[in-house]
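J.: Have a look; sequence and predicted model below, questions after that.
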Amino acid sequence: MVTKRVFLSAGVAGLVASPWGWAQAQGAFPNKPIRLVIATGPGGAGSILAQILSDGLQTLLGQPVVMDYKPGASGNIAGNNAAKSPADGYTLLLAFNSLLAINPLLMAKMPFDPARDFVPVANAIQYPNILVVPRESLLKSVDDIRNAAKAESLSHASVAVGSTAHLAGELFARQLGITLLHVPYKSAPAARQDLIGGRISLMFTDPSALPLIKEGRLRALAISGAQRMDVLAEVPTLQELGMKNFDVQVVFGLVAPAKTPPEIIKRLEVEIGKVLAREDVKEKFAAQGIRIANPTTADAFGQRIRQEVAVWTPVVRELGIQLD
């Protein structure tokens, strides 16, 4: 049974006001290093965002921002670690929409509750996935995939069970009327290595695969979002290829443990916004097909996650995916 969760926005339940004098008692924030827990492995778009935020916030806040990668379990390892950390502003979780919105729909037993245990800090980036196949693959179009899958077993990779890449592959197969074997990995680079080696048939991957596409090691067949990517303007969307209402995107933002003092949330929200507003940051993301969120506020991220829950609840029910 699918249970709908609601992600709380800053300023409402889940963000409990701090007691009077908290800041004075603890000293000015921050006065020690901040830990950025990352729910993906190194090498993907999340890793790029983490490095940009780490460098930028370190300058603005005057304290080191230490990146702590904890991939695996569809993001739940990182989520559980961050959820159980002190609510003092010194632990942030760089999370994606599938961790906060989709995992609770898929998993009967979650080690934490995103709606109860986190409060949003900032909206960050979003991007579509790219449907790719190996250079040597005979699959040169969506029609080729449909025809081949009816004659042989095809597989698709993703960075985790329940990720948007996984669900994009399942939606893709459902609309084509075919079956694809899902093979989950802990990171996008590991999955793409097996894809290039011919051990996987196809994959919905993030824009960090663009160099491999430009080099010709991977062939891009379609875009999972509703609009084409400027950096791959010649590649059609799946909607253009006849797939109804196919718009799957990855959304990244930051959350903190619930009950983190609101003045600290606000400080972090403002400084993260400054980092993401820099022209060099905008240009770096644009070159990789990644769009910076607008606005980058905590409320905007909370609203986006609630929208993701509403969108994916009927999809998960229709696909019948349930994880232990």
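T.: Okay, I see it.

J.: remind me which residues of the stretch 201-324 of the chain are low pLDDT?
T.: Scanning the stretch 201-324 of the chain for pLDDT under 70 picks out 324.

J.: show me the residues around Glu215 that make contact.
T.: By CB atoms under 8 Å, 6 or more residues apart in numbering, the contact set of Glu215 is empty. The C-beta positions use only the backbone N, C-alpha and C, and glycine is treated the same way.

J.: Just to check, Ser137 is in contact with Arg219?
T.: Yes. With contact defined as CB atoms under 8 Å, Ser137 counts as touching Arg219 (6.8 Å).

J.: quick one: Ser224 from Ile102, how far?
T.: Using CB to CB, to the nearest Å, one obtains 15 Å as the distance from Ser224 to Ile102.

J.: Same question for Lys259.
T.: With CB to CB as the criterion, Lys259 and Ile102 are 25 Å apart.

J.: Of these two, which one has the most company?
T.: Legend: neighbour count by other CB atoms under 10 Å for Lys259 and Ile102, higher for Ile102 (27 against 16).

J.: what secondary structure does that one sit in?
T.: helix (DSSP: H, G, I helix; E, B strand; the rest coil).

J.: which residues touch it?
T.: Ile102 neighbours (CB under 8 Å, 6+ apart): 162-164, 167, 308, 312, 316.

J.: pretty sure Leu241 is touching Val142, no?
T.: Yes. Counting by CB under 8 Å, Leu241 does reach Val142; the two are 5.3 Å apart.

J.: between those two, who's got more neighbours?
T.: Val142 (19 against 15).

J.: Surely that one is in contact with Leu221?
T.: Yes. Using CB under 8 Å, Val142 is in contact with Leu221, at 6.4 Å.

J.: Could you tell me which residues touch both of the two?
T.: Joint contacts of Val142 and Leu221 (CB under 8 Å, 6+ apart) are Leu131.

J.: To what extent is Val37 buried, counted in neighbours?
T.: Val37 is flanked by 25 other residues according to other CB under 10 Å.

J.: and for Leu241 and Val142, which residues touch both?
T.: Common neighbours of Leu241 and Val142 (CB under 8 Å, 6+ apart) are Ala222.
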